[in-house]
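>>> sequence first, predicted coordinates after that:
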Amino acid sequence: MDAIETDRLILRNFRTGDAPDLLAYLRRPRASCFLSLRLDDLGAAEAEVDRRSRSDEHVAVCVRSGDRLIGDLFCVPEPPDTYTVGWNFNADFGGAGFAFEAARALFAHLFAVKQARRLYAYVEEGNVASQRLCERLGMRREGLFVEFVSFTTDADGAPVFENTMQYAILRREWVA
């Protein structure tokens with residue numbers, strides 16, 4: 001994908017050199033939905049960066065000054081005109097509005113350039129920060145899936161199911 005620039009950020013494809021910064025926030029993922037992406041070492045991070053670099057579905061979010069990776073977005077197409085979207089950011093950069101700035105730029109790109117009709121995101125019930133971000137982006141909560149998915153197990157190895165919300169926004173809502 002062509003890079004997207006905002007006031008403070010560059011959204012671009014992943015590339016060599018991003019591995020240490022990716023490892024910084026995927027060594028201990030904060031959101032349970034990213035536990036399966038946990039990385040143990042720099043070698044694993046390098047392999048993940050290589051995998052992500054081959055797809056426009058993974059977007060590296062970098063601070064313009066220094067081009068340092070601080071998080072990522074994803075946008076997976078569902079033909080003909082829908083995308084599932086999401087984000088994962090390094091907690092060290094939280095509270096500065098970077099996630100909102102990056103997601104807003106991606107949404108604008110998907111609606112204007114990719115001609116998306118609809119974007120949606122799944123957010124676990126306990127992930128209040130992502131729920132707030134969805135709402136700031138103008139997304140509406142469409143529903144709650146009770147005991148929808150499991151990312152962890154309990155002490156006996158049984159799955160722990162989480163409630164998950166679906167948020168969405170249509171192009172006509174974004175434009176308005």
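Arrived safely, thanks for sending.

>>> tell me the contacts of the most centrally placed residue in the chain?
The residue lying closest to the centre of the chain (CA atoms, centre = their mean) is residue 87, at 1.5 Å. Taking CB atoms under 8 Å, 6 or more residues apart in numbering, we find residue 87 in contact with 61, 71-74, 99, 102-103, 130, 133. All C-beta spots, glycine's among them, are computed from the backbone N, C-alpha and C.

>>> let's see which of the residues you listed end up in helices.
In this view, those that belong to helices under DSSP state H are 99, 102-103, 130, 133.

>>> quick check: buried residues in the helix or strand of the chain with the lowest mean pLDDT?
Least confident helix or strand of the chain, by mean pLDDT, DSSP states H and E, is strand 140-153 with a mean of 94. Buried residues in strand 140-153, counting neighbours by 16 or more other CB atoms under 10 Å, are found at residue 151.

>>> beyond it, next helix or strand please.
Using DSSP states H and E, the next helix or strand after strand 140-153 towards the C-terminus is strand 159-170.

>>> that following strand pairs with which strands?
strand 118-124 (antiparallel), strand 140-153 (antiparallel) (DSSP bridges).

>>> now residue 160: how far from residue 145?
15 Å (CB to CB, to the nearest Å).

>>> for this protein, give me the ranges with low pLDDT.
Within the chain, no stretch has pLDDT under 70.

>>> next, residue 8: phi, psi?
Dihedral angles of residue 8 (phi, psi; degrees, to the nearest 10) stand at phi -120, psi -10.
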